Structures are given as C-alpha cells and as structure tokens.
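# sequence first, then the predicted structure, then my questions.
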Amino acid sequence: MRIALYQPDIPQNTGTILRLCACLGVAGDIIEPAGFPVSDRHFRRSGMDYLDQVEILRHASWAAFLAWRTTQSGRLVLFTTKAAVPYLDFAFATDDILLFGRESAGVPDDVAQAADARLLIPIAPGLRSLNVAMAAAMAVGEALRQTRTRL
C-alpha cells in the first residue's frame, strides 16, 4: 500500500502524512512540483525524525509518476470531494496507491480520469472538505483494516 500526494502545497500536511506512512509501514510518493521546497523546515518539523523511516519516492511530474506506475501492479485510488462512491463501500487491496490532491485545488480532470477508482469521504452537508492529512489517515486506516495488513 502507498499514499501518493499530487503536488502538495502545505509542508506541514505533507510531513504529517509521511509520518503517518512511517508509523503504519506504508510507502509515500510525492508528485511534484510541490508548493514548497521538500527541505522546508516546516515539512521536516511536522515529519520529525520519522522521515528517515519511510520509503519516499519523488516523481518530477505527473507524467513521471504515470511512467513509474506502469511498473506497478496496484490500482490508483483517488480521494476527491467530486466522487460518488463512499470510501467505506470500496474493497481495498494490499497494493493500492491512495492518491490525494493539492490542498488548495484537488487534482485536474486528467488526473482524476487516470484513477482506477474515485472515492469520497462523506462529510456534513454545507462543509467543503477535510484536512488532507486527516483524510489520508482515515483512508489508509480503512484500507489497512480491510486488507488486514499488520506491522
């Protein structure tokens, strides 16, 4: 299982998600360009010393990520507020790549179309979205629960 971040723009969220990856034994991917230098002190602070404990792949672009993905067997599962399928109704697999968009703009249509599945985390009416780090924690928690993946 992997968590992929499409052009993240808040270093603290990225660091928090990569810390989550380290703690749960999940690999992480950053699809650049990021909205901050990956060496940014806020990014390092939120990831703490856990960043050395996680497999992180950086992809120079969406095209580079797609090229890398052709070597992988897992499905690309996008979490988006524009989806219709609730994530709790989805059957996850151990080799899924859970994709999350930019905090400020999500993902463009071509990225959404490239996903094998598009999932929604339902929230209360009238609210826009969850923090991406919270959404990633909910998503990977459910995916690991379903696949019975243990550390």
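Great, that's in hand. Only a predicted model underlies this, so the values are computations on that prediction, with no experimental measurement involved.
# what is the subsequent helix or strand relative to the lowest-mean-pLDDT helix or strand in the chain?
For the chain, using mean pLDDT, DSSP states H and E, the weakest element among its helices and strands is helix 41-47, scoring a mean of 64. Beyond helix 41-47 on the C-terminal side, the first helix or strand identified by DSSP states H and E is strand 56-59.
# can you list contacts of that following strand?
Taking contacts as Cβ atoms under 8 Å, 6 or more residues apart in numbering, the residues outside strand 56-59 that touch it are 18, 21, 27-32, 38, 65, 68. C-beta: built from backbone N, CA, C; applies to glycine.
# can you give me the mean pLDDT across that strand?
Taken as a whole, strand 56-59 has an average pLDDT of 94.
# where do the strands sit along the chain?
Under the criterion DSSP state E, strands of the chain are mapped to 2-6, 27-31, 56-59, 76-79, 85-86, 97-100, 117-120.
# by how many degrees do the longest helix belonging to the chain and strand 27-31 diverge?
As assigned by DSSP state H, the longest helix anywhere in the chain is helix 132-147. With axes from the mean of the first three to the mean of the last three Cα atoms, to 10 degrees as the basis, helix 132-147 and strand 27-31 are set at 140 degrees to each other.
# which other helices and strands contact helix 132-147?
The criterion is 3 or more Cβ pairs under 8 Å, 6 or more residues apart in numbering; DSSP states H and E, and the helices and strands that helix 132-147 contacts are strand 2-6, helix 11-24, strand 76-79, strand 97-100.
# out of these, which comes closest to Ser129?
Checking the helices and strands packed on helix 132-147 against Ser129 by Cβ to Cβ gives strand 76-79 as the closest, at 9.9 Å.
# then that closest one to CSV, C-alphas only?
These are the backbone C-alpha positions of strand 76-79, laid out as CSV (Å, rounded to 0.1, in the frame of the first residue of the first chain):
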residue,chain,number,x,y,z
LEU,A,76,-4.7,4.2,-8.4
VAL,A,77,-7.5,5.2,-5.9
LEU,A,78,-8.2,8.9,-5.8
PHE,A,79,-9.9,10.5,-2.8
